[in-house]
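> below: sequence and its predicted model.
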Amino acid sequence: MLGSLSTEMSRSEKLKEEIGWLKVVFGILSAIDVSLLAWLAQNYRSASALLVVIGALAVAGITVALVCVNHRAYQKIDELEEL
């Protein structure tokens, strides 16, 4: 009985830690995404076409990564609720 309780508690703590790291990653990706969007909005006329295309692709890729991190965090939250 005590062994299963400590295993559940450690699993719970592990999930909480993973969710914490996902929050950090989400915050960093959000800041990068917003910064790139702001740069594109300010410089799309003066920057070379190649830089604008690379910036737009970077924004798209980071936005996809944000959605994936968000989805993963919600999965972890659901796992935590099941314990």
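Everything's here; your move. Numbering: from 1, shown residues only.
> where in this structure is pLDDT low?
1-9 (pLDDT under 70).
> can we see that at 90?
1-12, 80-83 (pLDDT under 90).
> what are the boundaries of the helices in it?
2-43, 49-82 (DSSP state H).
> got those helices as JSON lines, with mean neighbour count columns?
For glycine as for every other residue, the C-beta is placed from the backbone atoms N, C-alpha and C. Shown next, in JSON lines, are the helices of the chain (neighbours: other Cβ atoms under 10 Å):
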{"stretch": "helix 2-43", "mean neighbour count": "13"}
{"stretch": "helix 49-82", "mean neighbour count": "13"}
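> distance-wise, check the residue positioned nearest the centre of the chain relative to I32.
Centre of the chain computed as the mean C-alpha position; nearest residue by Cα atoms, centre = their mean is F26, 3.1 Å away. Note on F26: its distance to I32, by Cβ to Cβ, to the nearest Å, is 11 Å.
> now do V64
According to Cβ to Cβ, V64 stands 13 Å off from I32.
> now G55
11 Å.
> got the contact list for stretch 64-76?
Residues outside stretch 64-76 that contact it (Cβ atoms under 8 Å, 6 or more residues apart in numbering): 15, 18-19, 22-23, 25-26, 29-30, 33.
> can you lay out these as TSV showing distance to A49?
Output for the contacts of stretch 64-76, formatted as TSV (distance: Cβ to Cβ, whole Å):
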residue	distance to A49
L15	46
E18	41
I19	41
L22	36
K23	36
V25	31
F26	31
L29	26
S30	27
D33	21
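> now, among those, which is nearest to D78?
When the contacts of stretch 64-76 are compared for distance to D78 (Cβ to Cβ), L15 wins out at 9.9 Å.
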